[in-house]
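1. fold the following for me, if possible:
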Amino acid sequence: MTTDYAVQGERVAMPVRIREAAVASAMFAVPAPAARALIAYSGLDVFEPLRGRAICSLAFVRYVDGDLGPYHEFAVAFLARPPGGKVGAFIHWLPVNQEFTLEAGRSIWGFPKELADIPMHLASRVKRCAVRFGGRTAIELAVRPGAPVPSGSRSPRVEAYAHLDGVTRRIPWEVTPGDVRMRPGGATLRLGDHPVADELRALGLDGARALSASTVGHLQMTFEAAEEVRP
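-> The predicted structure is shown next:
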């Protein structure tokens, strides 16, 4: 059954499809107790691939062609799961630079989107992005190129989790990446003046070395309707 939503007078049908996007990202190991305390509001628990360490992912995305229009986005996420549930990406912070996707993301899925200026440079060898509010920089991230990675034939399904207005939701998410490059390290993070920047400092990310960095030159995605996660 197709579910429709009204956003700013336009019809948005499920599943939402992103036909062309590009992304650069970096993963960091952070202290699990601090990360657990940070996302406790969600009712989820961080995943520890190594005892005492959780994974924080920072990513910036240029959406070129999709059902929500073109826009820029920056994500702060943690590998986490609900009690007895699957490990997925919990989206802790998700600034965007367009009003339509802001309203759609919040009203349809409960993504914690807020409006920001997000200048992005993906055409150069080093991919760069900043998040700014009123001219003040919150975060800057640069990702250096890595080695090509063969693309898989199947589209991975990922669990995304989001929390807004006291409700945690699960969003089935399918990704089809192309032109993928990865490397160890490879990212430079600068933290500025914003509560989320202060949270990342408290996790030890100011000047931290990334576990890995990656770029995806061509990305397609599908987002299904959200389901409430109950305690």
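2. give the burial count for H92, as a bare number.
-> 24 (other CB atoms under 10 Å). For every residue, glycine as well, the C-beta is placed using N, CA and C.
3. how about it, what does it touch?
-> By CB atoms under 8 Å, 6 or more residues apart in numbering, the contact list for H92 reads 38-39, 76-78, 112, 196.
4. and which of those is nearest R17?
-> Comparing the contacts of H92 against R17 with CB to CB places A77 closest, at 21.1 Å.
5. hang on, the closest one packs against G88?
-> No - using CB atoms under 8 Å, A77 makes no contact with G88, being 9.2 Å away.
6. now the contacts of H92 as CSV including secondary structure and neighbour count?
-> Below are those laid out as CSV (DSSP: H, G, I helix; E, B strand; the rest coil; neighbours: other CB atoms under 10 Å):
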residue, secondary structure, neighbour count
L38, helix, 20
I39, coil, 19
V76, strand, 23
A77, strand, 23
F78, strand, 26
P112, coil, 17
V196, helix, 18
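7. between these, which is closest to A21?
-> A77 (16.0 Å).
8. name the residues linked to that closest one by a beta bridge.
-> S57, I91 (DSSP bridges).
9. separation between it and E10?
-> 27 Å (CB to CB, to the nearest Å).
10. buried residues, stretch 203-222. List them.
-> Going by neighbour count (16 or more other CB atoms under 10 Å), the buried part of stretch 203-222 is 203, 205, 208, 210-216, 218-222.
11. do the same with stretch 86-104
-> Of the residues in stretch 86-104, those buried by neighbour count under the rule 16+ other CB under 10 Å are 87-98, 100-104.
12. do the same with stretch 41-55
-> Judged by neighbour count (16+ other CB under 10 Å), stretch 41-55 contains these buried residues: 42-47, 53-55.
13. swap in stretch 7-22?
-> 7, 12, 14, 16, 18, 21-22.
14. same deal with stretch 64-84?
-> 66-68, 71-82.
15. mind checking which of the buried residues of stretch 86-104 land in helices?
-> Counting by DSSP state H, the buried residues of stretch 86-104 place 100-104 in helices.
16. and G207, which of the three is it?
-> Three-state call for G207 (DSSP: H, G, I helix; E, B strand; the rest coil): coil.
17. name the nearest residue to it, sequence neighbours excluded.
-> Of all residues not flanking G207 in the chain, L189 sits nearest, at 7.9 Å (CB to CB, 6 or more residues apart in numbering).
18. what sits closest to the residue nearest the centre of the chain if chain neighbours are left out?
-> In the chain, the centroid-proximal residue (CA atoms, centre = their mean) is A75; its distance is 3.4 Å. Spatial nearest neighbour of A75, chain neighbours left out: A59 (4.7 Å); criterion: CB to CB, 6+ apart.
19. how near is the closest residue to P95 other than its chain neighbours to G43?
-> In this structure, P95 finds its nearest non-sequential neighbour in A116, 3.9 Å apart by CB to CB, 6+ apart. The spacing between A116 and G43, counted by CB to CB, is 27 Å.
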